[in-house]
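> this is a predicted model, with the sequence first.
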Amino acid sequence: MTVEPGDWEALRAAAVEAASHAYAPYSRYPVGAAAIADDGRLLQGCNVENAAYGVVLCAECGLVSQLHITGGGRLTHFVCVNGEGDVIMPCGRCRQLLYENGGRDLLLMTVSGVRPMSEVLPDAFGPEDLNI
Ligand code: THU
């Protein structure tokens, strides 16, 4: 499935759909994430919790895994929502995950509008800091 890069409402709808698959019996806080890859591919993820609470997988983890499973590439557009369909901010750890896979130009629909990752995770540590 593909979503046009400027179609934030379609991307948000895909995140809402993803949230309906969340496994969140402990927090009762479903999260859905949706993103577009640089070839137009739509990617989704939902949070998956665990009886060992700290083992929780955020929605972004599944989304990034799907990016790689379906051919790799870079994330260009991203949004995540809660069970009410409200846009939420990715947690700090997941900002780092998204930065690795989309870089500073990744666009995110945030609680304060569409913003680039360079604002959502300023002065990020990233692959360019490693001498490899
Ligand atoms: N959660 C995510 O899936 N992504 C985020 O960026 C924020 C938090 C999930 C983890 C946990 O299952 C629930 O939200 C409550 O923290």
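Looks like it arrived, so ask away.
> please name the nearest non-neighbouring residue to the residue nearest in space to the middle of the chain.
Note on the chain: the residue nearest the mean C-alpha position is E60, at 4.2 Å, using C-alpha atoms, centre = their mean. Of all residues not flanking E60 in the chain, C94 sits nearest, at 3.9 Å (C-beta to C-beta, 6 or more residues apart in numbering). The way it works is simple: take the backbone N, C-alpha and C, and place the C-beta from them, glycine included.
> my guess is that neighbour meets V56, correct?
No. With contact defined as C-beta atoms under 8 Å, C94 does not reach V56; the gap is 11.3 Å.
> between those two, tell me which one has more neighbours.
Higher neighbour count among C94 and V56: C94, with 22 against 15, using other C-beta atoms under 10 Å.
> backbone phi and psi for the more buried one, please?
Backbone geometry at C94, expressed as degrees, to the nearest 10, gives phi -80, psi -20.
> the one 4 residues further on too?
For L98, the backbone dihedrals are phi -70, psi -40 (criterion: degrees, to the nearest 10).
> ok, it - contacts?
With contact set as C-beta atoms under 8 Å, 6 or more residues apart in numbering, L98 has these partners: E60, V64, L75, F78, P90, L106, L108, M117, L121.
> ok, and of the residues you listed, which contact the ligand?
Subset of those in contact with the ligand: E60, P90, counting by C-beta under 6 Å from any ligand atom.
> any idea how far the residue nearest to E60 lies from the ligand?
4 Å (C-beta to the nearest ligand atom, to the nearest Å).
> do the same with G113
From G113 across to the ligand, the span is 18 Å (C-beta to the nearest ligand atom).
> please name the bridge partners of that residue.
The partner list for G113 in beta bridges (DSSP bridges) reads T110.
> what is the burial count for it?
By the measure other C-beta under 10 Å, the count of residues near G113 is 8.
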